[in-house]
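> Requesting a structural model of the entry that follows:
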Amino acid sequence: MLRLFYRFLFIILCSLFSISVISANKLDSSNSDYVYVLSMEQGKQLKSIEILRGLDFLSGYAIYHSSPKKVYRIGFFASKDSAKKISNQIKKDLKYTADLTVVSIPSAEKNRLNQWLKTKNVIVEGSGNAKNKKKLELLMERARLAMVKNDYPRAIANYTKVITYEDENFSRNALEYLGLARERNQQYAHAKAEYLRYLERYPDSEGAERVRQRLVGLMTAAMAPKSKLRKVKRRKRQTGWTNYGGITQYYRRDMTLNDESDDSVLSSNAYSSFFYTAKRKSRSYELNNRLSISHNMDFKDSDDNKSVRISTLYTQAFYKKLKTAVRIGRQTQNSSGAYGRFDGADLAYHYNPKITGRLTAGFPVAFDAYDTVETSKRFFSVNMEVESLLNYIDLNSYFITQYEKEVIDRSAIGFELRHFSRRVTFYSIMDYDISYQVLNNVLGNIRYQLLPRTTLGVNLNYRRSPLVTTTNALQGQQVATLADLLLTKTEAEIRQLARDRTAQYASATASLTQKLTKKLQLSVDYTRSRLSSTKSSDGVTGTQGTGYEDFISTQLIASDWIRKNDVTITSFRYAAMSTGKRYTVYALRQDPLPKKLLLNSRFRLDYQERSDGSTISSIRPSLKLNYKLKRRTKLEVELGLDHRIRKHSFDAGNETNGFVGLGYVLQLQ
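Residues are numbered from 1 along each chain as shown. All right, here's what the predicted structure looks like:
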């Protein structure tokens, strides 16, 4: 019990240390997150600072006098690009032709920056990277709620902030709704300008037709009607389905080139997959149905040609007024502590944009039972998701219990911590089984941008392999279920067997990523890992551990090297494992060719020194050609060789295998 207490104390201290590091970095780097301001001089074109404060797109920015008093400052910005964007907008709206420069924040003005940061709950500009996705979603949700409440000035401010991120995943919709918010706020000239800007940027987008109709409505509304308009009945809003999906089929044939007999074909398989999504939206609800299935046809083994897997099959409904979403069917929901797929239901209640409560229950899907619903195992879990905790941390905590018939298979508590900022990315997982009183999984991953072009990373991982469950006791037994095993053993004996069959894995990785030039990047990482042995018991022989194993990898990535949009990757890997040493050289080249062709060429060279004294050398080149037949159809052809040279004191020889692959991808819409 004392040992368990120390483990919990260690976990809590590590978590508090991680949060304190992130908090310190957030506070210490607040000045470095915003390092630029716009500087303007008072003159005939800008007689008063009130002119700047009257511009709607500057809402949320600090506008103040600097020394001397005739100089105005607008801030604060994380990059020169975001500052220049606002600069161009000012010049366009005010027809300002005097000097408007981007300058670094003087030390005398850093107090003003700190005061401004305290009034902001979210960043109001940025580069649009994926790390800001949560903040952008929060801004979009705030703007949506403001539109529902007819608070159009607040909606305008939030949509404007989203656009400054320059993230195409959000800015396109934000720009459309910004025009609509200005129109409903009776700012018709501004709305017209936003609609025109949308059509200039996204002329072929899905919302372009809607924007054109609104723009025409604005322009015709200003014209006096030539005759009295007749009254018409208002039509109900039509809501339709949005459908899209795809079909993929791929055939691969592997054969040995050393043997010309009938056994020269090693494998001959046709893989087929199909996915389909149907969505429906209205003002009060949203529906989402998804199906994903696959099939493997094995032409060499006729008994294995009906391998059908249903990966996803669910329907989801979200009722906006109740802020409740329910998903029923085959799905994946990792935040609940249920790893992998399951057949069941997930009920989520969005208390507000930051807090979500969730109940999940169902039956886990075994790897070899994708075409059936297996009900021998069942689970339920409760979890709470909190976004932007302390304004910069996302937290997810859960409790899960899983049964095999009436026996507890797994009962655990856990949490996830996530943090994303301009300089630090942190992700942590802890899963503790309260039934077995052991740690199932502890993971900590942190990446820190040391310099503008240099990023350091550390990954620490400890886990049970496999995840500790009571059904682990079935390994090596002559029975297939716990109910059968209970006929000859007590539950305590079965739980001890489960412990004996579960190994422990630990690894530590340190990485360095250096951007050498704009088109060249180097990364180096080192990993040390260890897998423990398992005990022999009840006639089942335990497995041998690996001892400490070391892995070193270097990778060089070049883009736009020979031609535009090409990619070249070269890497060297070294592994010192319990089975021997392995050296690997790998190269990949991606070339966009004329007439919608894309050529991928790969080359891999391996040399292994095995612990039994043998050596294996292998050379594996391959070529893959992709052709975009139509907008929604792609064809693929791939050829490759695998030549191996094996040397041993009593066994040596050469082996050459080859493969050919043909396939296509068809998108449905």
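> contacts and neighbour counts: CA atoms only from here.
Noted.
> Looking at strand pairing, list the partners for residue 377.
For residue 377, the beta-bridge partners are residue 404 (DSSP bridges).
> Tell me the pLDDT of it.
Residue 377 carries a pLDDT value of 90.
> Count residues in the vicinity of it, would you?
Neighbourhood size, residue 377 [other C-alpha atoms under 10 Å]: 19.
> What would stretch 277-296 look like as CSV? C-alpha coordinates only.
Extracted as CSV, the C-alpha positions of stretch 277-296 are listed here (Å, rounded to 0.1, in the frame of the first residue of the first chain):
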residue,chain,number,x,y,z
THR,A,277,-21.1,10.1,-45.1
ALA,A,278,-24.5,11.8,-45.1
LYS,A,279,-25.1,15.0,-43.2
ARG,A,280,-28.2,17.2,-42.7
LYS,A,281,-28.2,20.6,-40.9
SER,A,282,-31.0,22.8,-39.8
ARG,A,283,-31.4,25.7,-37.4
SER,A,284,-32.4,23.3,-34.6
TYR,A,285,-30.5,20.1,-35.2
GLU,A,286,-27.7,18.3,-37.1
LEU,A,287,-27.5,14.7,-38.3
ASN,A,288,-24.4,12.8,-39.3
ASN,A,289,-24.4,9.2,-40.6
ARG,A,290,-21.2,7.5,-41.5
LEU,A,291,-20.3,4.0,-42.9
SER,A,292,-16.8,2.6,-43.5
ILE,A,293,-16.3,-1.0,-44.6
SER,A,294,-13.4,-3.0,-46.2
HIS,A,295,-12.9,-6.4,-47.8
ASN,A,296,-9.9,-8.6,-48.5
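> Mind listing residues that contact it?
Applying C-alpha atoms under 8 Å, 6 or more residues apart in numbering, the contact partners of stretch 277-296 are 239-245, 269-276, 305-321.
> For the residues you listed, which ChimeraX command selects only the ones that are buried?
Here is the ChimeraX selection string for the buried members of these, based on 16 or more other C-alpha atoms under 10 Å:
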select :245,269,270,271,272,273,274,275,276,307,308,309,310,311,312,313,314,315,316,317,318
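> Quick one: mark the members of the contacts of stretch 277-296 that sit in strands.
Judged by DSSP state E, these include 241-245, 269-276, 307-319 as members of strands.
> Can you pull the phi/psi pair for residue 140?
Main-chain dihedrals, residue 140, degrees, to the nearest 10: phi -60, psi -40.
> repeat for residue 470
Residue 470 adopts backbone torsions of phi -70, psi -30, taken as degrees, to the nearest 10.
> cool, residue 432 as well?
phi -120, psi 120.
> On the pLDDT front, check it for me.
96.
> I'd say it and residue 463 touch.
No. Checked against C-alpha atoms under 8 Å, the pair residue 432 and residue 463 is beyond contact range at 10.2 Å.
> what touches both of the two?
Applying C-alpha under 8 Å, 6+ apart, one finds that residue 432 and residue 463 are jointly contacted by 439, 440, 441.
> Could you single out the nearest of those to residue 401?
residue 440 (14.0 Å; C-alpha to C-alpha).
> how many neighbours does residue 149 have?
Residue 149 sits with 10 neighbouring residues when counted by other C-alpha under 10 Å.
> which residues touch residue 504?
Contact analysis of residue 504 by C-alpha under 8 Å, 6+ apart lists 462, 463, 464, 465, 531, 532, 533.
> Counting neighbours, what do you get for the residue nearest to residue 399 when sequence neighbours are not counted?
Of all residues not flanking residue 399 in the chain, residue 413 sits nearest, at 4.5 Å (C-alpha to C-alpha, 6 or more residues apart in numbering). Number of residues near residue 413 (other C-alpha under 10 Å) recorded here: 21.
> three-state assignment of residue 413?
Put simply, residue 413 is strand when judged by DSSP: H, G, I helix; E, B strand; the rest coil.
> Surely it touches residue 400?
Yes. Residue 413 lies in contact with residue 400 (C-alpha under 8 Å); the separation is 6.5 Å.
> what about residue 404, how many neighbours?
The burial count assigned to residue 404 is 19, neighbours taken as other C-alpha under 10 Å.
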